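[1] just a sequence and a predicted model for now, questions to come.
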Amino acid sequence: MTRPTLVSSQIFFSRRVNKCYLALTQNSKTSDVALENAGEIAMPVGGRPAVSKYEVVRRYGSQRTLLRMETMTGRKHQVRIHCAQGLGRPIMLDPLYSNEPEVSSKNGTGNKGKDAGDRFFLHASSLNIPQFEVEAEATIPDWWEDTIRQLK
């Protein structure tokens with residue numbers, strides 16, 4: 001392993017990287033708890049401690065919410081599990097963590113085009129590495145736009 005690769009790996013594993021995601025969620029029929037505008041989810045993932053912060057970016061009626069999620073720990077599927085189980089709002093079209101047909105359908109709204117069956121509404125929107133003064137942002141994918149336009 002080269003020196004730059006080793007240093008970058010150490011930064012990721014020591015949690016010195018800030019990662020934010022956008023998630024378009026659907027309110028679960030099993031959750032009638034009102035979602036605060038911002039908060040923190042401390043809930044184990046895979047038997048290990050996991051913490052995420054969330055902020056409501058926009059509400060689309062009473063059924064869908066666009067959330068900004070920041071992971072304080074880095075567990076596999078952390079954002080997906082925290083949305084579905086911690087908030088009771090699974091990510092739209094998530095085939096693993098949603099049990100609602102309109103959400104888990106691989107041919108749902110806005111999910112068109114090549115490899116559409118592998119898409120769901122979770123997007124890595126920003127990455128910040130303070131040690132190197134690196135900050136990167138990514139706009140939402142084009143295929144989200146039709147769905148968001150229909151929700152407005």
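    Perfect, thanks for sending it.
[2] any idea how far residue 27 is from residue 61?
    9 Å (C-beta to C-beta, to the nearest Å). Any C-beta I mention is one placed from the backbone N, CA and C, and that applies to glycine too.
[3] who has more neighbours, the two?
    residue 27 (21 against 9; other C-beta atoms under 10 Å).
[4] and that one, what does it touch?
    62-65, 88-89 (C-beta atoms under 8 Å, 6 or more residues apart in numbering).
[5] show me what residue 23 is bridged to.
    With DSSP bridges as the criterion, residue 23 is bridged to residue 67, residue 122.
[6] that one is in contact with residue 67, isn't it?
    Yes. Residue 23 is within contact range of residue 67, at 4.9 Å (criterion: C-beta atoms under 8 Å).
[7] give me the common contacts of these two.
    In contact with both residue 23 and residue 67: residue 83, using C-beta under 8 Å, 6+ apart.
[8] which one of the contacts of residue 27 has the most neighbours?
    Highest count within those by other C-beta under 10 Å belongs to residue 89, 26 neighbours.
[9] which one is that residue nearest to, not counting chain neighbours?
    With sequence-adjacent residues excluded and distances taken as C-beta to C-beta, 6 or more residues apart in numbering, residue 89 is closest to residue 25, at 3.8 Å.
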